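# Provided below are the primary sequence and the corresponding predicted coordinates.
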Amino acid sequence: MSSSNDDSSNKIDIPSADILRLILTHLTESNLHQSCEALSQESGVSMAGLVGPSKGQLISCAEGGRWGECLEILAGLDLQRYRKSYIDDYCKAHGHDGDDGNDNGDVHESIITPLEKLVSLTHEMTILELGDRGEFELAYATLRMCSEMLDKTLPVHGDDVDNIDELRDNNLQSNTNNNEHNLGMMSSRSGDIERRVTALSSLRSSGADSSLLLPTNYYGPSNQTQQKRRNFISKLLSRHVPDAPSGRLSSLLQQSVKWQCHTGAFPAVQKLFQDQAENDDDNDDGGKKKKKKRKAPEKKFDLVLGNVDLVGSSDNKKHTRKSSSTKEGVMVERIPSRAKQTIRLGKKSYIESAIFLPDGSGLVTGSSDGFIEVWGERTRSGDDESSPNSLLQNDVDFEKLRTSDLQYQKNDELMMQDSSILAMDVSHDGTMLASASSYGDVCVWKIADGRLLRKLERTHGGSGSNDKGCAVTCLQFSPDGSKVLTGGHDSTCREHGLLSSRMIKEFRGHKSYINCCSYAILPNSSIVTRSEYNGERNFLAVVTASADGSVMIWNCRSAEPLREIIPPISTSSNRSIHDTESIVSNRSIHTVLHLHSPANTMIVVPRSDQAFLMSLSGSILQTYVRDDVQGTELLAATVSPSNQWLYVSANDGKCIVFDLNSGKVEKILSSFTQECVGKSNTNCEISGILHHPHCSFIGGYSNDKSQKRGIICLWK
């Protein structure tokens, strides 16, 4: 439901089985029972609870003695999921530690949940009523099929209904201690039921006037009647069968869309809601005359495709031509066309790294003199600064240092390291910033107050107190924010735990500098089989790119290489290099961008004249080559949040915008480098390019030492 790369909130891993359960509940609410049954059989997933009408039908069937329908409804419930939740509550209540130890395992095996007891009582009542109707052969056949379940969940004698909802872990023991009460029959619940049915059969065969006679306690203790037993079981079903909230799926979708609008992650829908609110305000005007306005085209939100369509307007064509954000009536991302804002550092200082905050409210820069600064002060013009539409109204001035809510920057107490800040990353929740220096030190900061949370010294080499470590060129937070992944000049990638402040794993196999490292959640089918990874559907992998011209995918748990991908990188003389032993500068792969659409793909950008859209298995799905000139080298790249546009900076000073799906050149920004490094530094090359997480802003910068002062230019 959310993306790990551009979500401004914490990522929540939602099991696919829970998504299927929501769909099953929705199908049941829509009376699509055959579709629900087909989906459940194909996926092997059952419902977690019953919606109101289904539960009412279950209770009605129990009161009326229609036990076949009851068992059919109960068969659609996921008893294992209920059992796991019940045992977790038991462990918390009794201080047990989940799955540790054989003793606890035996205790958990002996726990019988109320729902399991209820299912057994329903089967027992079915058998008894079959016997009462004279269907003795069917009753005995049913008893043989479910005898194991009855013996496991119910005691030998009695009802055990007074404490059916209590956690009991001595059922197996009690079953073995009641042998002396079994009246000569089997020491089990099934044996007791067989005794009652046999007694009834003997009684019915004794004479014609005995059709209404029943053995003592046939339906339960205290010689209960049939209807009293039915009512008792129906009351227990009403109490213990889980309830599924009505309209849960549609409610979650509405909340998700509203949250994306609030955070700005869905600007098209946000704009639609804003226009609707403005129209409502215009209508509530107390009867004053107003100038007649041109009727705006009607807009309709497409939840499935995520578009806002323009429909039902006679002025539709005119409006479409006028707005550059629409294409054939569908909202699309705009391509920046002009330089909007410029951030300037001090003299003899240049930008080594830069990154937008996940919510888009700030831009963090790391400079050659070790300073880390957060830019993006809200202006007082336009909407209220707490409004979710503020970013769309361009009321964030990235040229100013952010001091309104960052008191430490207002006091000139900046985050700082001893050497150049070569790489940075922000945690998924936007609270922590990790920075890496040319000395190999990694620092983790709290953005809100600038406090240093962790410092990992010489993460890539260097043991003595005066020994400087290898430079760290890239880093990334783990999805849960508990670890940091780094790559350095020592040709290794390493994972460090923030709690222990130590290296956890090392990924060794490249022959040159690591330029890019990242985490990726991948399906097993793309790299390894399910048997090789304990049957899990997805697993966490590490992807690295190196100056040796290769991309490697690693098993994050074992640090073993899963696949090495070597794209056919061409040199300036159009010769493909496949010699893995040599290290050539123009073989270097400097950027790997993971995409959410198409799924399980990545953009691989080497220092060459072409970039590649590749699958995780190494297949080339698309090649991006300029059609205006040949022989240029690609220096830096980024993608738009929707994965529609690929922005690549070349060494001829231009930024090329590719359509990611078709591979065609959509636009060329001719003066991109000139604006990003200054008109007096025409020989400098772009070293980094970044895209705003929500809006159509891109930025570029250079770490060329010949600059008088470093700048980063934002295009809109």
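Alright, I've got the coordinates.
# who are the neighbours in contact with the residue nearest to Gly509 when sequence neighbours are not counted?
For Gly509, the nearest residue in space outside its immediate sequence neighbours is Pro561; the separation is 5.3 Å by Cβ to Cβ, 6 or more residues apart in numbering. Placement of C-beta: from N, CA and C, glycine included. Contacts of Pro561 were listed using Cβ atoms under 8 Å, 6 or more residues apart in numbering, and they are 507, 509, 552-555.
# Tell me which residue lies nearest the centroid of this protein.
Nearest residue to the geometric centre of the chain (Cα atoms, centre = their mean): Asp13, 4.5 Å.
# Give me the distance between that residue and Gln707.
Applying Cβ to Cβ, to the nearest Å, the value for Asp13 to Gln707 is 43 Å.
# Then Ile569?
In this structure, Ile569 lies at 29 Å from Gln707, with Cβ to Cβ as the measure.
# next one: Glu560
For Glu560, the distance to Gln707 (Cβ to Cβ) stands at 43 Å.
# Just want to know which of the two has more residues nearby.
Summary of the neighbour comparison: Glu560 and Gln707, criterion other Cβ atoms under 10 Å, with Gln707 having more neighbours (22 against 11).
# so the more buried one sits in a strand?
No - with DSSP: H, G, I helix; E, B strand; the rest coil as the criterion, Gln707 is assigned coil and is not in a strand.
# how about it, what does it touch?
Gln707 sits next to 350, 677-678, 681, 684 when contact means Cβ under 8 Å, 6+ apart.
# all strands for the stretch 351-500 of the chain, in order.
Counting by DSSP state E, counting those that start in this stretch, the stretch 351-500 of the chain has these strands, from start to end: 351-356, 363-367, 371-378, 396-401, 415-416, 421-426, 432-437, 442-446, 451-456, 472-477, 483-488, 492-497.
# Next, the angle strand 351-356 makes with the fourth one.
The reference is to strand 396-401. In this structure, strand 396-401 runs at an angle of 150 degrees to strand 351-356, with axes from the mean of the first three to the mean of the last three Cα atoms, to 10 degrees as the basis.
# helices or strands up against strand 396-401?
strand 339-347, strand 371-378 (3 or more Cβ pairs under 8 Å, 6 or more residues apart in numbering; DSSP states H and E).
# Ile73 is nearest to which of those strands?
Distance to Ile73, taken as Cβ to Cβ, is lowest for strand 371-378 among those, at 56.2 Å.
# Check which helix or strand the residue lying closest to Gly678 once chain neighbours are set aside maps to.
If the residues on either side of it in the chain are set aside, Gly678 comes closest to Ile711, at 6.0 Å by Cβ to Cβ, 6+ apart. Under DSSP states H and E, the secondary-structure element containing Ile711 is strand 709-715.
# The residue nearest to Asp628 when sequence neighbours are not counted bridge partners, please.
Nearest-residue entry for Asp628: Ile668, 6.7 Å, with adjacent residues in sequence omitted and distances by Cβ to Cβ, 6+ apart. Applying DSSP bridges to Ile668 yields these beta-bridge partners: Ile656.
# give the contact list for Ile668.
For Ile668, the residues meeting the contact criterion (Cβ under 8 Å, 6+ apart) are 628, 654-657.
# can you pull out the helices in the stretch 401-550 of the chain?
Under the criterion DSSP state H, counting those that start in this stretch, the stretch 401-550 of the chain carries helices at the ranges 407-410, 524-527.
# tell me the SS of Thr25?
The assignment at Thr25 comes out as helix when based on three-state DSSP.
# Can you get me a residue count around the closest residue to it other than its chain neighbours?
If the residues on either side of it in the chain are set aside, Thr25 comes closest to Ala244, at 4.9 Å by Cβ to Cβ, 6+ apart. Burial of Ala244 is recorded as 22 neighbouring residues (other Cβ under 10 Å).
# I figured Ala244 hits Leu27, correct?
No - using Cβ atoms under 8 Å, Ala244 is not in contact with Leu27; the gap is 11.7 Å.
# Check the contact between Val543 and Ile603; I expect there is one.
No - under the criterion of Cβ under 8 Å, Val543 is not in contact with Ile603, lying 11.7 Å apart.
# between these two, who's got more neighbours?
With other Cβ under 10 Å as the criterion, Val543 and Ile603 differ in neighbour count, and Val543 comes out ahead with 26 against 23.
# how about stretch 656-674: buried residues?
Burial within stretch 656-674, assessed by neighbour count using 16 or more other Cβ atoms under 10 Å, is assigned to 656-658, 660, 665, 669, 672-674.
# Just name the most buried of the helices and strands packed on strand 396-401.
For the helices and strands packed on strand 396-401, the stretch with the most neighbours on average is strand 371-378, a mean of 21; neighbours defined as mean count of other Cβ atoms under 10 Å.
# what pLDDT, on average, does that one get?
Confidence for strand 371-378, expressed as mean pLDDT, is 91.
# Does anything pack onto it? Which helices or strands?
strand 363-367, strand 396-401, strand 415-416, strand 421-426.
# Which strands border the first one, and is each parallel or antiparallel?
According to DSSP bridges, strand 363-367 has the following sheet partners: strand 351-356 (antiparallel), strand 371-378 (antiparallel).
# now do the second one
The strands beside strand 396-401 in its sheet (DSSP bridges) come out as strand 371-378 (antiparallel).
# try the third one
Paired with strand 415-416 in the same sheet, following DSSP bridges, are strand 371-378 (antiparallel).
# Can you give the distance from the partner strand to the centre of its chain?
29 Å (Cα atoms, centre = their mean, to the nearest Å).
# now it and strand 432-437, what's the angle there?
Between strand 371-378 and strand 432-437, the angle comes out at 140 degrees (the same axes, to 10 degrees).
# hmm, who's touching strand 371-378?
Residues lying outside strand 371-378 but in contact with it, judged by Cβ under 8 Å, 6+ apart, are 343, 349, 357, 361-367, 385, 390, 395-404, 406, 409, 414-417, 421, 424, 433, 435, 445, 447.
# Likewise for stretch 13-30?
For stretch 13-30, the surrounding residues in contact (Cβ under 8 Å, 6+ apart) are 1, 33, 35-36, 39-40, 43, 45-49, 51, 53-54, 78, 244, 246-250, 252, 479, 537.
# who's in contact with the closest residue to Ser640 other than its chain neighbours?
For Ser640, ignoring the flanking residues on the chain, the nearest one in space by Cβ to Cβ, 6+ apart is Glu333 at 5.2 Å. Residues touching Glu333, when contacts are defined by Cβ under 8 Å, 6+ apart, comprise 325, 640-642, 644-645, 696.
# Listing request: residues of the protein with sub-threshold pLDDT.
When the per-residue scores of the chain are filtered using pLDDT under 70, the ranges that remain are 1-11, 95-108, 157-187, 207-212, 261-332, 380-394, 462-467, 524-537, 570-586, 679-682.
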